[in-house]
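Peer 1: 3D model of this:
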Amino acid sequence: MKKIFLTSIFVISIISCSQKWEYKTITYKGSEQDELAKFASKKIDIANSSLNSLGEEGWELVDVFEKTETVHPNFGNTEYVTGLQPNVRTSEISFVFKRKK
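Peer 2: Okay, the predicted model is just below:
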């Protein structure tokens, strides 16, 4: 019984290690929302239909990561925002997908 169990686990591990995957990264960039865009947060729209179509094609979401940018560069000039301010904002979001080949 123990021998059959260990053999089956060994076979399953060999089969799972031999699978090949392909990967796809999709990046959505943010857009400015108003005339104060250099100080406001960016708007990032992601349509559910595009993500659903990827799922129908067999793509599985693996990871999401963001790219940030500096919002308020203050180089000692009074034209720039001074004081304590959040200094970064998300400029784009990337989705990493995988599916079996």
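Peer 1: Could you tell me which strands sit next to the longest strand along the chain in the sheet, and their orientation?
Peer 2: Looking across the chain with DSSP state E, the single longest strand is strand 88-100. Each strand paired with strand 88-100, and its direction, by DSSP bridges: strand 21-29 (antiparallel), strand 60-70 (antiparallel).
Peer 1: would you list the ones you listed in a markdown table and tack on mean pLDDT, mean neighbour count and distance to F95?
Peer 2: (Each C-beta comes from the backbone N, C-alpha and C, glycine too.) Compiled in a markdown table, those are given as follows (pLDDT from 0 to 100; neighbours: other Cβ atoms under 10 Å; distance: least, Cβ to Cβ, whole Å):
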| stretch | mean pLDDT | mean neighbour count | distance to F95 |
| --- | --- | --- | --- |
| strand 21-29 | 90 | 12 | 5 |
| strand 60-70 | 88 | 11 | 6 |
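Peer 1: closest one to K3 among the ones you listed?
Peer 2: For the strands paired with strand 88-100, distance to K3 was read as Cβ to Cβ. The smallest value, 32.1 Å, belongs to strand 21-29.
Peer 1: Would you mark the buried spots in whatever helix or strand comes next after the closest one?
Peer 2: As assigned by DSSP states H and E, the chain's next helix or strand after strand 21-29 is helix 48-56. For helix 48-56, a neighbour-count test (16 or more other Cβ atoms under 10 Å) marks L54 as buried.
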